[in-house]
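Asks: Mind looking at a prediction? Sequence and model below.
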Amino acid sequence: MTEYGSTDHEQLMKRLRSAQSVDEVTYPAPSQQASLSLDDLPRSVACTIHQGSNVTSMDFHPTHHTLLTVGCSNGEISLWEVGMRERLVTKPFKIWDLSACSVTFQASIKDSSMSVSRVAWSPDGNLIGVAFTKHLVHLLAYQGSNDLRPHLEACSNSFSCTLRKKIEAHVGSVNDLAFSHPNKKLCVVTCGEDKLIKVWDLAGSKLFNFEGHEAPVYSVCPHQKENIQFIFSTAIDGKIKAWLYDNMGSRVDYDAPGQWCTTMLYSADGSRLFSCGTSKDGDSFLVEWNESEGKIKRTYSGFRKNATGVVQFDTTRNRFLAVGDDSQIKFWHMD
């Protein structure tokens, strides 16, 4: 077993900061056509809004497509109506129930900054999940307009920090957060530096604790195919695992190209699986997977060598892949 200590995690966080540290958010005008062609791809900046702090994560509302939530390196959360270039609300980082935190945790907050590692809207658009680089997970309830209210606060139980009840999150950084619907019940999936994946209900109760990775877990990708619900996870040793909601261990063990930071996404219709990642040497990889065989089906070329940060990507409807690579946005046709 290879040990992944603080040096590897510090290198990871340094690369993440270099990849994502920007203080402007750019919003492209969406195409209204039912089918996309190359002419529909954005080629010029439609709008620039100034956040004022280094942006580390963004996510658009699932149905209100001009409503953008932004997480920053200083722990700040903002909500923008980008169509009007209006900032609706900004929430500075705050421990909601500081009295419930141990002296050790309070000291760690004072001695170092708290950065947002991930923001994500729930599928119904009523909640925003926020993962931080030290132990914490916040859930914010969105009531409409500029109203964001605390819903839940969770951290490592070794620091005993809660809002409604005492629950666990992760020891160290919470690297990713996503929403899922096991058994038609909305839940939150998190992963972290402690090599664990955890699933919570919205009251803060831990439902599942998945162990098996030998390195810090970098990202999670919950999905449902037919009647089977599962979670893909990736770690910074390049291992990809898949978990059912049953505490029976990982069902698959794949090796990601680059063997470092990798994220996985499905096409909009859920039929095709892609991964994108960067190696420690700065080489980036974008591939399509054959799920049933656990093999790479297609590899996409066109990346620069020696990238300074970790590549980011997304799927656009069912035809194009969009990738942020060394200050450029690149598009690939899926086929």
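Replies: That came through, no problem. Numbering: from 1, shown residues only.
Asks: so where is the stretch 101-250 of the chain shaky, pLDDT-wise?
Replies: 101-108, 110-112, 145-168 (pLDDT under 70).
Asks: Where do the strands of it begin and end?
Replies: For the stretch 101-250 of the chain, applying DSSP state E, counting those that start in this stretch gives strands covering 116-121, 127-132, 137-142, 148-154, 174-180, 187-192, 197-201, 206-210, 217-225, 228-235, 239-244, 250-255.
Asks: what pairs with the residue nearest to Pro257 when sequence neighbours are not counted across the strands?
Replies: Distances taken as Cβ to Cβ, 6 or more residues apart in numbering place Phe285 nearest to Pro257, at 3.8 Å, with adjacent residues excluded. All C-beta spots, glycine's among them, are computed from the backbone N, C-alpha and C. Counting by DSSP bridges, Phe285 is bridged to Gly277.
Asks: And the pLDDT for Phe285?
Replies: Per-residue confidence (pLDDT) for Phe285: 93.
Asks: hmm, back to that, make a markdown table out of the strands of the stretch 101-250 of the chain and add mean neighbour count and distance to Phe320.
Replies: Shown next, in a markdown table, are these (neighbours: other Cβ atoms under 10 Å; distance: least, Cβ to Cβ, whole Å):
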| stretch | mean neighbour count | distance to Phe320 |
| --- | --- | --- |
| strand 116-121 | 23 | 22 |
| strand 127-132 | 24 | 27 |
| strand 137-142 | 22 | 29 |
| strand 148-154 | 20 | 32 |
| strand 174-180 | 24 | 22 |
| strand 187-192 | 25 | 26 |
| strand 197-201 | 21 | 29 |
| strand 206-210 | 17 | 32 |
| strand 217-225 | 21 | 19 |
| strand 228-235 | 21 | 21 |
| strand 239-244 | 20 | 23 |
| strand 250-255 | 14 | 24 |
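Asks: Tell me which of these lies nearest to Pro42.
Replies: Pro42 lies closest to strand 116-121 among these, at 21.5 Å (Cβ to Cβ).
Asks: ok, residues contacting that closest one?
Replies: 16, 56-62, 69-73, 75-77, 127-133, 173-179 (Cβ atoms under 8 Å, 6 or more residues apart in numbering).
Asks: Distance from the chain centre to that strand, please.
Replies: Strand 116-121 sits 6 Å away from the centroid of its parent chain (Cα atoms, centre = their mean, to the nearest Å).
Asks: Pull up the gap between the residue nearest to Pro257 and Gly204, please.
Replies: 37 Å (Cβ to Cβ, to the nearest Å).
Asks: Ok, Ala242 next?
Replies: 26 Å.
Asks: Tell me which of the strands of the stretch 101-250 of the chain sits nearest to Thr48.
Replies: Thr48 sits nearest to strand 116-121 of all those, at 19.7 Å, using Cβ to Cβ.
Asks: residue ranges of the helices in the stretch 1-150 of the chain, please?
Replies: With helices called from DSSP state H, counting those that start in this stretch, the stretch 1-150 of the chain shows them at 6-20, 103-111.
Asks: Mind listing the residues bridging to Lys225?
Replies: Ile228.
Asks: My guess is it contacts Asp269. True?
Replies: No - applying Cβ atoms under 8 Å as the test, Lys225 and Asp269 come out as separate, 11.3 Å apart.
Asks: intersection of neighbour lists for these two?
Replies: Counting by Cβ under 8 Å, 6+ apart, Lys225 and Asp269 have no shared contacts at all.
Asks: still on that earlier bit, any chance of a markdown table for the strands of the stretch 101-250 of the chain, columns distance to Gly277?
Replies: Converted to a markdown table, the strands of the stretch 101-250 of the chain look like this (distance: least, Cβ to Cβ, whole Å):
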| stretch | distance to Gly277 |
| --- | --- |
| strand 116-121 | 16 |
| strand 127-132 | 19 |
| strand 137-142 | 24 |
| strand 148-154 | 28 |
| strand 174-180 | 13 |
| strand 187-192 | 15 |
| strand 197-201 | 18 |
| strand 206-210 | 20 |
| strand 217-225 | 9 |
| strand 228-235 | 8 |
| strand 239-244 | 10 |
| strand 250-255 | 11 |
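Asks: what's the closest non-adjacent residue to Val116?
Replies: Spatial nearest neighbour of Val116, chain neighbours left out: Gly71 (3.0 Å); criterion: Cβ to Cβ, 6+ apart.
Asks: Next: Cys72.
Replies: Cys72's closest residue in space is Ser53 (Cβ to Cβ, 6+ apart), at 4.0 Å.
Asks: again, but for Ser250
Replies: Counting by Cβ to Cβ, 6+ apart, the residue nearest Ser250 is Lys241, at 4.0 Å.
Asks: give me the beta-bridge partners of the one you found?
Replies: Note on Lys241: beta-bridge partners by DSSP bridges are Ser233, Asp253.
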